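> following is a predicted model, sequence given first.
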Amino acid sequence: MRFLLRTITHENFDGGQTSYDFPWAVLDRGDSVAILLHDIVKDQVVIVQQFRPAILRTIFEIVAGTLKPGEDHEACVKREVFEEVGLEVGEVRLISRFFVSPGATSERIFLYYAPVSSLGVDGLV
């Protein structure tokens, strides 16, 4: 992760350009993946509970993680699913990609979907 200070130049609605010095702190953290896991046995979405230092508490969220340099998106999804819930997924489907908070970070999330089965998995609620 790194913070960048940028000079802003952008196109106006009338087609002209505006440029101005504005120290804008941007968190450049790279892209991430997230996955909606559909447990076909229970007909539920699988979520995890994790501690998040930025808000100083635990929250419920879908499985997600940051891409390692040069890592394939689908490989990252499968790695994160196994790390966070102990499941292996087969084929995954890209639903969408979007910027998390473009006013402050360049991070994009690539959102996937995959069906999974909780049969024989302990601790999955």
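In hand now; what should we look at? Numbers count the residues shown, from 1 in each chain.
> tell me which other helices or strands the helix or strand containing residue 38 touches.
Using DSSP states H and E, the element containing residue 38 is strand 32-39. Other helices and strands packing on strand 32-39, by 3 or more Cβ pairs under 8 Å, 6 or more residues apart in numbering; DSSP states H and E, are strand 44-46, strand 63-66, helix 73-85, strand 108-116. All C-beta atoms are positioned from the backbone trio N, CA, C, and that covers glycine.
> save these as JSON lines, and put in mean neighbour count, mean pLDDT and distance to residue 36 too.
Output for the helices and strands packed on strand 32-39, formatted as JSON lines (neighbours: other Cβ atoms under 10 Å; pLDDT from 0 to 100; distance: least, Cβ to Cβ, whole Å):
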{"stretch": "strand 44-46", "mean neighbour count": "15", "mean pLDDT": "93", "distance to residue 36": "6"}
{"stretch": "strand 63-66", "mean neighbour count": "19", "mean pLDDT": "96", "distance to residue 36": "9"}
{"stretch": "helix 73-85", "mean neighbour count": "18", "mean pLDDT": "96", "distance to residue 36": "11"}
{"stretch": "strand 108-116", "mean neighbour count": "19", "mean pLDDT": "97", "distance to residue 36": "5"}
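> now those as CSV including distance to residue 52?
CSV is the format used below for the helices and strands packed on strand 32-39 (distance: least, Cβ to Cβ, whole Å):
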stretch, distance to residue 52
strand 44-46, 18
strand 63-66, 11
helix 73-85, 14
strand 108-116, 15
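> for residue 7, find the nearest of those.
strand 108-116 (22.6 Å; Cβ to Cβ).
> which stretch among the helices and strands packed on strand 32-39 comes nearest residue 55?
strand 63-66 (15.3 Å).
> residues in contact with the strand holding residue 38?
44-46, 62-67, 73, 76-77, 80-81, 85, 87, 89, 92, 95, 100, 107-118, 124 (Cβ atoms under 8 Å, 6 or more residues apart in numbering).
> what strands flank it, and is each parallel or antiparallel?
Paired neighbours of strand 32-39 in the sheet (DSSP bridges): strand 44-46 (antiparallel), strand 63-66 (antiparallel), strand 108-116 (parallel).
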